[in-house]
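In: Prediction below, plus the sequence it came from.
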There are 4 protein chains.
Amino acid sequence: MVTGRSEDNSGRIRLGMVGGGNDAFIGGVHRIAARLDDKFELVAGALSSTPEKSRESGEALALARVYDDFKQMAIREARLKSGIEAVSIVTPNHMHYAAAREFLKRGIHVICDKPLTSTLRDAKKLVKAAESADALFILTHNYTGYPMVRQAREMIANGKIGKIRVVQVEYPQDWLTEQQDFKQAEWRTDPVRSGAGGSTGDIGTHAYNLACFVTGLQAESLAADLQAFVPGRQVDDNAHVLLRFDGGARGMLWSSQVAPGNENALRLRVYGEKGGLEWEQEDPNYLWFTPYGEPKRLITRNGSGAGEAANRLSRVPPGHPEGYLEGFANIYSEAAEAIRAFRTSASPETAVMYPTIQDGLNGVKFVAACVQSSARDAAWVTLD
Amino acid sequence: MVTGRSEDNSGRIRLGMVGGGNDAFIGGVHRIAARLDDKFELVAGALSSTPEKSRESGEALALARVYDDFKQMAIREARLKSGIEAVSIVTPNHMHYAAAREFLKRGIHVICDKPLTSTLRDAKKLVKAAESADALFILTHNYTGYPMVRQAREMIANGKIGKIRVVQVEYPQDWLTEQQDFKQAEWRTDPVRSGAGGSTGDIGTHAYNLACFVTGLQAESLAADLQAFVPGRQVDDNAHVLLRFDGGARGMLWSSQVAPGNENALRLRVYGEKGGLEWEQEDPNYLWFTPYGEPKRLITRNGSGAGEAANRLSRVPPGHPEGYLEGFANIYSEAAEAIRAFRTSASPETAVMYPTIQDGLNGVKFVAACVQSSARDAAWVTLD
Amino acid sequence: MVTGRSEDNSGRIRLGMVGGGNDAFIGGVHRIAARLDDKFELVAGALSSTPEKSRESGEALALARVYDDFKQMAIREARLKSGIEAVSIVTPNHMHYAAAREFLKRGIHVICDKPLTSTLRDAKKLVKAAESADALFILTHNYTGYPMVRQAREMIANGKIGKIRVVQVEYPQDWLTEQQDFKQAEWRTDPVRSGAGGSTGDIGTHAYNLACFVTGLQAESLAADLQAFVPGRQVDDNAHVLLRFDGGARGMLWSSQVAPGNENALRLRVYGEKGGLEWEQEDPNYLWFTPYGEPKRLITRNGSGAGEAANRLSRVPPGHPEGYLEGFANIYSEAAEAIRAFRTSASPETAVMYPTIQDGLNGVKFVAACVQSSARDAAWVTLD
Amino acid sequence: MVTGRSEDNSGRIRLGMVGGGNDAFIGGVHRIAARLDDKFELVAGALSSTPEKSRESGEALALARVYDDFKQMAIREARLKSGIEAVSIVTPNHMHYAAAREFLKRGIHVICDKPLTSTLRDAKKLVKAAESADALFILTHNYTGYPMVRQAREMIANGKIGKIRVVQVEYPQDWLTEQQDFKQAEWRTDPVRSGAGGSTGDIGTHAYNLACFVTGLQAESLAADLQAFVPGRQVDDNAHVLLRFDGGARGMLWSSQVAPGNENALRLRVYGEKGGLEWEQEDPNYLWFTPYGEPKRLITRNGSGAGEAANRLSRVPPGHPEGYLEGFANIYSEAAEAIRAFRTSASPETAVMYPTIQDGLNGVKFVAACVQSSARDAAWVTLD
């Protein structure tokens, strides 16, 4: 019974939040993730685009300081002696850029939901803003926080499956099988707020990021066949994508929001010259390792066969499942490590990893390329 | 995409902790569980039986008040205006009674790890202490906090599988397959600190509690065949138990710590006149429902087919797994609901449920009956 | 792509059948099993207890010779120059003894369905008859014919999991959850034709035989709690059994015909000092091997990790599933190997294995002991 | 416990075989499949391209008549009064056309392994030959013989999942991960004998056929990215294919022979406006049905929820798995029904279905289109 690292609340990081008001979903997830390992303390927020809702939501959360809008918050917090050190941005996609810019330029670290922005133009501007800022930028591609995803990445980096040939990644859901009008569905299918990609932006970017993170490869080009199956839908709800990676590996990516029976069935399979690895988000504590010519092996989180890259992100013994919130919390924990190191101008431990703004740019490029390829009848589009 | 209740930190409950110092395992779990939904604030502790270790551990956790021992803590906190309202007791089993008594008699609510006590005598005394106390007692039989366990209980209560005939429950592990000397193993195999039961006390009580919680039945008698397979071991590491429930249902319970390949494979199967239900702790977001004569159905947490009893304890959408810590946190959340109601002498909502001291007494009786039965060559022993 | 042994029809064995008429189930299974590898040729039969039905059934199968009853068949076939060399007995249990005796005493090999007989008295007489006969007796405990069952047995014999400690075996079904009146249900719940055991005789014997076959152990004693849950049922439809094996291993056996959602969920788990093995009949091409302290491994039929004991009974490449009929056919193939060797007074290859009359006697003793133990409130009963 | 149709050997069909000598794999499979339900009798063969091997193999199988080559066999059998009525062609692909033609033109029914031919030119000629022949042509796309595949087809035809939107089909294997020189590998990677497609021809055609069979749709166009990963390999060993079906459904097809850990992992998932269906060849007795907004249901072969289309091809009760050989045998059984009806110029029952020469032509067109598309950098190619 080996247990991973325990919580650590010495010097909690003062955190603010933009978006995430009462009726939002992902804001609550960020708050739990920030709280789980006790490394953050949520003290301020501009939780809604309407001031009253922001105030109501802030009171419900007993925040010390509630603001009417994110700009006001950035300005005032930057002046406070004990103002926030970091901010979580959990608004719809089209507001990420404007909000992040305000905090970055005032030296406040940004933890931002994905996709990075709703347009490629915004993404490029944000990269510049981040590069010139005296602050860190962390993107919550949360699935990279699962211990067994780290395990897979480490095994590939260590050559356990040899040179990679084939990458199969998919993220099917079913929640948009029919027309939906509730808030989560509404903005995610609005190209103005969500961006030009529908399933590609919301979940395809997760699948693409996961494939790149685990394999260490980048896609050179893609060919995409997008569809909006539900009548009236303005963005894709199903995407079939062919991928060509640097080094010669080939891949397929499927994202769908119209596949009944699939909840969040993100699944990655990678095959190399010597073996394979298979992982599923809905059963995240397990990793199949299939060395060629030997019996398949099931590696379990914190169990036999799991290595340091996975164990350092694990809290409880094998067989006691950790899930989505723990994986999300791992991104926050990694962010905390980096922010603490930043306080003293030190580098975090080399093991510390989190999705960066460059990953975010890559995701937005992926969506843009999918849309462009599909408009050209699935012609190949280069991802520079 | 339906989401459950969100966090609620209005009026956080001031919490203390007894046990759970640096090298303990379950203390960290309780702290995360208490923190997850932001309903508690850990402010005081007597974290170890040695004062220095208690202080070191308390500092590492940045506790406001650290005590040398639990009695001192109970006395002083009771006198403080803003002293703790509740205490988590996470020591080895043999100290539960003495610690709990000190807090109960001063009107401080007790959240206690299982099994209730190391002896039946202590258990009975603690029941009396609780009955006469002006405080609540919550036992962390954490598996009852899993949403799909609640779902199963609700379905049985609603007659979905008819009158129950057969109950199969098991909890195999493998971590004691060989002699182990690290701290967690050491006290758990010491009859003085753990109690007369080994696997029966540590995990058999969980299995037994789960079976009773879900079915709503009580066992009338049992016949147990216990073994200590590892040479030199003083308590059972494998238990085979026959169960007879009130109303005529029959059951089997298997607990083992010497079953290689099993991590925490707690599994419950219940069959009635009209159908069955099957649940596994290692894959806790799913519940099989098998109505007789129809195809099997897979009910998912927060997904189609899940009802209110499960959904109210769920935080994220279906397909995003919740795990052990979330289930544990649900017990803390239920405790918080009860404690808040207690503040105003109100009753909590009827949906609020947590394992009580009576469940704890039943667990200790179960262990005592197993040991007694096994000593008499697996003769039937009544559980009054 | 390694393939196992191919069919071999040189010198087909002339086969007769007793029972297995039009409306029987298991007769058809035996015929397919005999035919699959082309080592038998069905030429004669007494397929029903009523002469007309026997003739009708025989004509439907285009048998060369059809008899009114088994005794007539035994007498005449024994006199024919090219009479049958072997007979399959697939009647209800209470007729096994009388039928088998007639053929054995005339030197005709008997392939008999299980359980061996409906009473212990008959079983003992049949053992004597077989011992004094110049013919082989093969019992179709068909699950021992699955390749991965052979694999498990070989691994245990080779010490792969060390000295055995725990044996968990179960065989739940649901087809008798309610009162049934069709033919298969009717005789299986009639103690006169089926024997004193219900689920114990019909499927418990399979589970017990499988556990003994794989582990190489014999049970020394058992304690059984039998129930007839369905009102009016005269034999057990659920059995909970504790087992003590020679050498100190302990076990549990559960058989049930009232567990909704279970079709033929025979499952065996064996744990030793060094590792474990787990196998399920409904997914028979896989065997879990769990060496202590290492990742679990999935051994596949004819795939990596499978050894000669399994591969010799496999026909198609890994990933192309073989099932129940192939496993059953393996028993017939083993019987054919033995019968061909018998023709020349030779011994079959050492790898050839099939359930013997002694296994049959053990099964009947198991049922008798279960019934006796349950009548004495689950007291221990010795299996001599 | 419902059982399907039993064997029926009235009027066995006299069968010959071309190819399938001692060292072949698929010949043995065809023979078992033909024998399983006792509707065929193998009496003649030209089992190898070398006369001696043909004779040796024929003797080993105790065939009544063995020929040096298929042409000789066709001529002589056609003249015999009790010559063969049907022939199984199980040679490498490039010989299918020449062999089939000889038998078809003499009125002997042909049961031919897939793919239909090694070239599109041959395929078209064979279609003409079949059209003008007084004989049936059956292609052994054996996976269409699995009961749960029939179940899926029936459910889709009955509108259970609504209008189809997305089709995901894949067939990964790992046996060609490295260079292999044994016979099965050698001819399958030789474009002269196998055809221009490697994985596409050997297994991609199966996947494509299965998708079309189950959905009732035809692909209008495809875009394919083929690779030969193993150095020196002359045909594809991995194929990524985008599909556009008539009616607007979109699909992906993946075939691979270099995916370690995959044995014969053929898997089909179909999603419509109202629900989905998922089936895996390695676990063929189960079919997931996922009606939108309801819990997933697991339909089992011969069990609750299975309909007549599946049950008529099932031999044993639910929970007793049938596998690859039984599925293959179902194609032979369907062929037998059709041939028997042909004897009397009748039509077989409407339920009788088998893959036709048109399916074969479609498969060869699929391979040709994949090769053509890949040569044009995955441009869309129309499948007329």
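Out: Cool, the structure landed.
In: What segments of chain A are helices?
Out: Secondary structure of chain A (DSSP state H): helices at A:26-36, A:51-60, A:70-79, A:96-104, A:120-131, A:147-157, A:183-188, A:191-194, A:199, A:205-215, A:308-311, A:324-343, A:357-375.
In: Dump the C-alpha coordinates for the last one into PDB.
Out: Extracted as PDB, the C-alpha positions of helix A:357-375 are listed here (Å, rounded to 0.1, in the frame of the first residue of the first chain):
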ATOM      1  CA  ILE A 357       0.000  28.500 -23.900                       C
ATOM      2  CA  GLN A 358       1.900  26.800 -26.700                       C
ATOM      3  CA  ASP A 359      -0.300  23.700 -26.300                       C
ATOM      4  CA  GLY A 360      -3.200  26.100 -26.300                       C
ATOM      5  CA  LEU A 361      -2.100  27.600 -29.600                       C
ATOM      6  CA  ASN A 362      -1.600  24.200 -31.000                       C
ATOM      7  CA  GLY A 363      -5.200  23.300 -30.100                       C
ATOM      8  CA  VAL A 364      -6.600  26.400 -31.700                       C
ATOM      9  CA  LYS A 365      -4.500  25.700 -34.800                       C
ATOM     10  CA  PHE A 366      -6.000  22.200 -34.800                       C
ATOM     11  CA  VAL A 367      -9.500  23.500 -34.800                       C
ATOM     12  CA  ALA A 368      -8.700  26.000 -37.500                       C
ATOM     13  CA  ALA A 369      -7.100  23.300 -39.700                       C
ATOM     14  CA  CYS A 370     -10.000  21.000 -39.200                       C
ATOM     15  CA  VAL A 371     -12.500  23.700 -40.300                       C
ATOM     16  CA  GLN A 372     -10.300  24.700 -43.300                       C
ATOM     17  CA  SER A 373      -9.700  21.100 -44.400                       C
ATOM     18  CA  SER A 374     -13.300  20.200 -44.200                       C
ATOM     19  CA  ALA A 375     -14.300  23.300 -46.200                       C
END
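In: what about that helix, near chain D?
Out: No: Helix A:357-375 lies out of reach of chain D by C-beta under 8 Å from any C-beta of the partner chain, never closer than 10.8 Å. All C-beta spots, glycine's among them, are computed from the backbone N, C-alpha and C.
In: Against which helices or strands is that helix packed?
Out: helix A:120-131, strand A:137-139, helix A:205-215, strand A:219-227, strand A:238-245, strand A:381-382 (3 or more C-beta pairs under 8 Å, 6 or more residues apart in numbering or on different chains; DSSP states H and E).
In: Can you tell me which of the helices of chain A has the worst average pLDDT?
Out: Lowest mean pLDDT of the helices of chain A: helix A:183-188, a mean of 78.
In: what about it and chain B, touching?
Out: Yes: residues of helix A:183-188 contacting chain B under C-beta under 8 Å from any C-beta: A:184-185.
In: So is stretch A:110-120 next to chain B?
Out: No: Stretch A:110-120 lies apart from chain B when judged by C-beta under 8 Å from any C-beta; the minimum separation is 14.6 Å.
In: How far does that stretch sit from its chain's centre?
Out: 9 Å (C-alpha atoms, centre = their mean, to the nearest Å).
In: Need the outlier residue of chain A, farthest from its centre.
Out: No residue in chain A sits farther from the centre than residue A:293, which is 35.1 Å out by C-alpha atoms, centre = their mean.
In: ok, now which ones touch it?
Out: residue C:304 (C-beta atoms under 8 Å, 6 or more residues apart in numbering or on different chains).
In: Residue C:275 versus that one, what's the distance?
Out: Between residue A:293 and residue C:275 the distance, using C-beta to C-beta, to the nearest Å, works out to 21 Å.
In: Residue A:238 now?
Out: From residue A:238 to residue C:275 the distance is 45 Å (C-beta to C-beta).
In: what's the answer for residue A:339, then?
Out: For residue A:339 relative to residue C:275 (C-beta to C-beta), the value is 45 Å.
In: do residue A:255 as well
Out: From residue A:255 to residue C:275 the distance is 41 Å (C-beta to C-beta).
In: Could you do residue A:164 as well?
Out: The spacing between residue A:164 and residue C:275, counted by C-beta to C-beta, is 32 Å.
In: One more: residue A:356?
Out: Using C-beta to C-beta, residue A:356 is found at 43 Å from residue C:275.
In: ditto for residue A:19
Out: Counting by C-beta to C-beta, the gap from residue A:19 to residue C:275 is 51 Å.
In: Next: residue A:287.
Out: Shown here: residue A:287 relative to residue C:275, a distance of 20 Å by C-beta to C-beta.
In: ok, the two, which is more surrounded?
Out: residue A:287 (28 against 25; other C-beta atoms under 10 Å in any protein chain shown).
In: Can you give me every residue that contacts the more buried one?
Out: Contacts of residue A:287 (C-beta under 8 Å, 6+ apart): A:148, A:151-152, A:277-279, A:298-300.
In: give me the subset of these touching chain C.
Out: Among the contacts of residue A:287, chain C is touched by A:298-300 when using C-beta under 8 Å from any C-beta.
In: quick one: which of these is nearest to chain B?
Out: Of all the ones next to chain C among the contacts of residue A:287, chain B sits closest to residue A:300, with 6.5 Å by C-beta to the nearest C-beta.
In: give the contact list for the residue lying closest to the closest one once chain neighbours are set aside.
Out: Of all residues not flanking residue A:300 in the chain, residue A:318 sits nearest, at 4.8 Å (C-beta to C-beta, 6 or more residues apart in numbering or on different chains). By C-beta under 8 Å, 6+ apart, the residues touching residue A:318 are A:285, A:300-303, A:306, B:263-264.
In: The residue most central in space within chain A - nearest residue in space that isn't next to it in sequence?
Out: Nearest residue to the geometric centre of chain A (C-alpha atoms, centre = their mean): residue A:141, 1.1 Å. Nearest residue to residue A:141 in three dimensions, chain neighbours excluded: residue A:355, at 4.0 Å (C-beta to C-beta, 6+ apart).
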